[in-house]
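1. this is a predicted model, with the sequence first.
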Amino acid sequence: MAFGIFSRKQTHSPREPKEYRDDDGKLGPPSWINNDDTARKFAAGVQMLASDRLSASALTAMFSLKDPLDRAIAIAGAVERQGGSFSDQQFAVKNFMVKLWGGLSADLQESISEDFKYR
């Protein structure tokens, strides 16, 4: 499972393109980012939502990469600041990860998944 992927403490806002900023142009993590239990619930929910499109190893691999993880955190933060619920944040991050994964070549997808399958 992708537990622990959000557990690293966030002390700064990740740098992101404008599309990940909220309506006020703010960027940063959601309020729950430093709560390990909530972060685990968030990751588990994203994994459950994405399970029909991404394997657990693929999602874990994507979340282990700094850029996708930082973007996912920024998306969740923007959704939260715009009034979105916790499940709205999970759904938005799931959509982002599925879209990002779909943009990778089949060879790269296989390579990334294989690296994390047995961890």
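-> In hand now; what should we look at? Residues are numbered from 1 along each chain as shown.

2. and the one helix or strand residue 43 maps to, how far from the chain's centre?
-> For residue 43, the element it lies in under DSSP states H and E is helix 36-50. Here the centre of helix 36-50 is set off from its chain's centre by 9 Å, with Cα atoms, centre = their mean, to the nearest Å.

3. any idea of the angle the helix or strand following it forms with helix 36-50?
-> Note on helix 36-50: by DSSP H and E, the next helix or strand toward the C-terminus is helix 56-64. Put simply, helix 56-64 runs at 130 degrees to helix 36-50, going by axes from the mean of the first three to the mean of the last three Cα atoms, to 10 degrees.

4. what helices or strands is the helix or strand just after helix 56-64 leaning on?
-> Downstream of helix 56-64, the next assigned helix or strand under DSSP H and E is helix 66-81. Where contact means 3 or more Cβ pairs under 8 Å, 6 or more residues apart in numbering; DSSP states H and E, helix 66-81 is packed against helix 56-64, helix 86-102. Every C-beta, even on glycine, is put in place using the N, C-alpha and C of the backbone.

5. which of the ones you listed comes out lowest on mean pLDDT?
-> Lowest mean pLDDT of those: helix 56-64, a mean of 84.

6. mind giving me the packing neighbours of it?
-> By 3+ Cβ pairs under 8 Å, 6+ apart, helix 56-64 packs against helix 36-50, helix 66-81, helix 86-102, helix 106-117.

7. any chance of CSV for these, columns distance to residue 57?
-> Listed next are the helices and strands packed on helix 56-64 as CSV, based on distance: least, Cβ to Cβ, whole Å:
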stretch, distance to residue 57
helix 36-50, 11
helix 66-81, 14
helix 86-102, 12
helix 106-117, 4
